[in-house]
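> kindly generate the corresponding structure for this input.
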Amino acid sequence: MRKKTWLFVISLVGMAASAAVLILFIPSLFRSGEQGDVWAVGVLACLTVAFAVGARYWRPSTSISDGR
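The predicted structure follows:
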């Protein structure tokens with residue numbers, strides 16, 4: 001496999017994992033008095049966006065041949 005494809009797969013898996021953990025942390029934002037969770041949610045959101053940008057950047061080309 002090419003390096004670009006591996007980077008895409010790693011970015012996709014990283015985005016899925018960080019987004020899943022981010023979703024689990026969302027309810028903690030509505031509890032009072034827990035400032036540490038706000039930082040965790042912010043860091044996870046930035047990490048999710050960074051992985052999404054990486055997956056978009058390293059996306060393999062999807063050239064469709066018409067069979068000729």
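> switch to C-alpha atoms for all contacts and neighbour counts from now on
Noted.
> how about low-confidence regions in the protein?
Along the chain, segments meeting pLDDT under 70 span 1, 32-36, 63-68.
> can you tell me which residue is spatially central in the protein?
For the chain, the residue nearest the mean C-alpha position is Met15 (1.8 Å; C-alpha atoms, centre = their mean).
> what's the burial count for Trp6?
14 (other C-alpha atoms under 10 Å).
> where's it, which helix or strand?
helix 3-25 (DSSP states H and E).
> mind listing what's buried in that helix?
Leu7, Phe8, Val9, Ile10, Ser11, Leu12, Gly14, Met15, Ser18, Ala19, Leu22, Phe25 (16 or more other C-alpha atoms under 10 Å).
> save these as TSV, and put in distance to Asp37 too.
TSV is the format used below for the buried residues of helix 3-25 (distance: C-alpha to C-alpha, whole Å):
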residue	distance to Asp37
Leu7	30
Phe8	29
Val9	29
Ile10	26
Ser11	24
Leu12	25
Gly14	20
Met15	19
Ser18	15
Ala19	15
Leu22	10
Phe25	7
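> what residues are up against Phe25?
Phe25 makes contact with Asp37, Ala40, Val41 under the criterion C-alpha atoms under 8 Å, 6 or more residues apart in numbering.
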